[in-house]
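J.: A structural model of the following input is requested.
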Amino acid sequence: MYAVFRTGGKQYRVSQGDKLRIERLTAEVGDTVDFDQVLLVGEGQNVRIGAPLVPGGKVQAKVIGQGRAKKIEVVKFKRRAHYRRTKGHRQPYTEVEITSISGGDAA
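T.: Residues are numbered from 1 along each chain as shown. Model prediction:
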């Protein structure tokens with residue numbers, strides 16, 4: 001069984017046991033989080049698509065870590081103008097492991 005859910009302005013396709021990095025959540029390591037904005041739940045030929053959400057759909061995950069991604073360099077540069085600016089950014093993330101997917105009543 002797989003599901004597509006929405007969190008942090010992004011959509012993720014997951015199956016049970018998958019590990020993924022999502023936008024930072026306010027949760028401690030070991031906590032269980034529920035994602036109720038499920039857009040699609042499917043298994044083989046049986047696919048439920050929400051309009052926009054699947055009623056009763058839920059994805060449960062366990063928080064396995066908090067961290068920050070690798071630094072990216074943001075550079076502004078204008079030639080022949082002695083203008084150069086650099087700035088670094090590290091995006092915070094939460095690493096989760098999908099524990100269960102429920103698709104409401106039919107899936």
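
J.: just the element for the residue most central in space within the chain, please.
T.: With distances taken as CA atoms, centre = their mean, residue 22 lies nearest the centre of the chain, 3.6 Å away. For residue 22, the element it lies in under DSSP states H and E is strand 19-23.

J.: check residue 67 too.
T.: strand 57-68.

J.: who does that strand touch, helix- and strand-wise?
T.: Strand 57-68 is packed against strand 2-7, strand 32-35, strand 38-43, strand 92-103, with contacts defined by 3 or more CB pairs under 8 Å, 6 or more residues apart in numbering; DSSP states H and E. Any C-beta I mention is one placed from the backbone N, CA and C, and that applies to glycine too.

J.: adding mean pLDDT, mean neighbour count and distance to residue 51, write these out as a markdown table.
T.: Compiled in a markdown table, the helices and strands packed on strand 57-68 are given as follows (pLDDT from 0 to 100; neighbours: other CB atoms under 10 Å; distance: least, CB to CB, whole Å):
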| stretch | mean pLDDT | mean neighbour count | distance to residue 51 |
| --- | --- | --- | --- |
| strand 2-7 | 96 | 20 | 14 |
| strand 32-35 | 96 | 15 | 18 |
| strand 38-43 | 94 | 20 | 10 |
| strand 92-103 | 95 | 18 | 14 |
